[in-house]
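**Q** Starting from these lines, generate the structure:
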Amino acid sequence: MWLRSIVWLINMEKCDYYIHECSFTVAEGKDSIEHINRLITSNIKLISNLESVETLVCNANGRITDSLQILRIEEQLLLLGNPEVAENTRKLIVSGIHWNEDVRIMNGDMILSKVSLIGSEENLQKVIPKKDIELNENKWLIWEEKYFKKTSYGETSKIDIILETNKIERFVEDKIGPHNNKLTKDNWNKFRVENGILSFEEYEQNLLPSELGLDKFVDLKKGCYPGQEIHARLESRGKLKRKIKKFNSDKIIQPGKYSSDNGKKINITTSTGKNGFFIVNNLEEESIKIEGLSLSHEELDSIEIC
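**A** Got it, this is the predicted structure:
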C-alpha cells in the first residue's frame with residue numbers, strides 16, 4: 001500500500017473530483033426510444049450507441065420539472081436526472097406506457113453513480129491515460145466497465161464517469177489517488193457558475209426553458225410532448241418575462257427572493273458567496289442594488305444542464 005502511494009506522488013498531478021447526486025433510470029424494450037421521445041423536449045429517435053442527449057421534462061404548462069441526460073447503451077437507455085424529482089419522473093414515464101408497447105423501466109439509483117474529474121488536459125491524462133482511452137466530446141466511451149465523456153472549458157476539462165456505486169471507493173483509490181481534491185457541493189457550485197452549468201436549484205423555480213436560456217434543448221419540430229403548445233406559442237411571440245443571468249456582488253449574498261432598490265424582483269437560485277445565478281424580470285440596468293449590496297450581471301455565453 002505504501003509503495004502504491006509513492007507511485008501516486010511521483011506520477012500524478014492534482015485534479016479535483018466530485019461525486020454527484022444523480023438519479024438513474026433504465027429503459028429497455030423495442031418501443032423504449034419512441035416512448036421516452038414522447039415525454040421530452042429533444043428528439044432522440046436517431047440516438048446511436050454511446051451517444052447522449054441532454055433534454056428537459058416539462059409539464060402541460062410548459063414548466064420544467066426535470067432535466068435528463070439520456071445515454072444509449074446498445075438496446076437500453078440510461079436516464080440521468082435529478083434525485084429530488086426522480087420518483088415523479090419515473091411515474092410519468094411508467095404511466096405513459098401504452099398497453100401494447102414493449103417498454104420496461106428499472107430504478108438504478110442504488111446501483112450506479114456519476115463522478116466528475118476536473119483539471120487541465122495534462123493532469124487528467126495522468127488519471128485517465130491517453131494510451132488506454134482516447135476521450136472525445138461527442139460520444140461516451142467504455143473502458144474497464146465504466147463510461148467516460150469529456151467536456152472542455154478553455155484550459156480546464158471535465159471528464160464524467162458513470163460506474164457502479166460499489167466500485168467508487170476502489171476507483172478513487174486506484175485511479176485518482178488520495179492527494180487529489182474531493183470537491184464539496186459549494187466547490188462544485190463555483191465550477192458550475194463559472195462555466196454556465198445549471199442544476200436543480202434553477203429547474204425547481206417553475207420556469208419555462210426559454211427563461212433559463214435552454215431553447216437549444218427544445219425541438220419544436222419533433223412532434224407533441226408535454227408543454228409543446230406553450231413553447232411554440234412563446235416562440236411566436238418572442239417575448240420573455242424573466243431571464244437568467246450570472247451575477248457578481250461586492251459582498252456575500254445568500255440564495256433567495258429579493259426586491260432591488262428600484263422594485264425589481266430578483267430570485268437568486270445559486271450563490272457561491274459573491275457570484276451566482278439569478279432570475280430577473282426585464283432588467284436593463286448594468287448593476288442593481290439589493291439591501292445595500294451592489295450586483296453587476298452578465299449574460300451566460302453558453303448554458304449547460306447537469
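
**Q** helix, strand or coil for Lys221?
**A** Secondary structure, DSSP: H, G, I helix; E, B strand; the rest coil: Lys221 is coil.

**Q** do Arg170 as well
**A** Per three-state DSSP, Arg170 ends up helix.

**Q** Give me the pLDDT for it.
**A** For Arg170, the model assigns a pLDDT of 91.

**Q** I'd assumed Gln254 was in contact with Lys274.
**A** No. In this structure, Lys274 is not within contact of Gln254 by CB atoms under 8 Å, at 11.2 Å. The way it works is simple: take the backbone N, C-alpha and C, and place the C-beta from them, glycine included.

**Q** more crowded one of those two?
**A** Set Lys274 next to Gln254 and count neighbours by other CB atoms under 10 Å: Lys274 wins out with 14 against 9.

**Q** What is the neighbour count of the residue nearest to that one when sequence neighbours are not counted?
**A** Closest residue to Lys274 in three dimensions, ignoring its sequence neighbours and counting by CB to CB, 6 or more residues apart in numbering: Ser249, at 4.6 Å. Using other CB under 10 Å, Ser249 has 20 other residues around it.

**Q** And Asn123, by the same measure?
**A** 18.

**Q** who's in contact with the helix or strand harbouring it?
**A** Assigned by DSSP states H and E, Asn123 falls within helix 121-127. Contact partners of helix 121-127, identified using CB atoms under 8 Å, 6 or more residues apart in numbering, comprise 11-15, 117, 119, 150, 152, 157, 159, 175-177, 180.

**Q** Which element, helix or strand, includes Lys91?
**A** Applying DSSP H and E, one finds Lys91 within helix 86-95.

**Q** domains for this structure, by residue range?
**A** Under the assignment automatic domain parsing, the domains of the chain span 1-200+213-237, 201-212+238-305.

**Q** pLDDT on the shortest one, on average?
**A** Mean pLDDT, domain 201-212+238-305: 87.

**Q** quick one: terminal-to-terminal distance for it?
**A** 11 Å (CA to CA, to the nearest Å).

**Q** now the helices for the stretch 1-150 of the chain?
**A** Using DSSP state H, counting those that start in this stretch, the helices of the stretch 1-150 of the chain run over 2-11, 32-37, 86-95, 121-127.

**Q** Now tell me which of those helices the model trusts least on average.
**A** helix 2-11 (a mean of 38).

**Q** Can you pull out the low-pLDDT segments for the stretch 101-250 of the chain?
**A** 130-133, 138, 239 (pLDDT under 70).

**Q** Can you report how many residues neighbour Ser48?
**A** 7.

**Q** tell me the contacts of the residue nearest to it when sequence neighbours are not counted?
**A** Leaving aside its sequence neighbours, Ser48 sits nearest to Arg72 (CB to CB, 6+ apart; 6.6 Å). With CB under 8 Å, 6+ apart as the criterion, the residues that contact Arg72 are 33, 44, 47-52, 78.

**Q** partner residues bridging Arg72?
**A** Counting by DSSP bridges, Arg72 forms beta bridges with Leu77.
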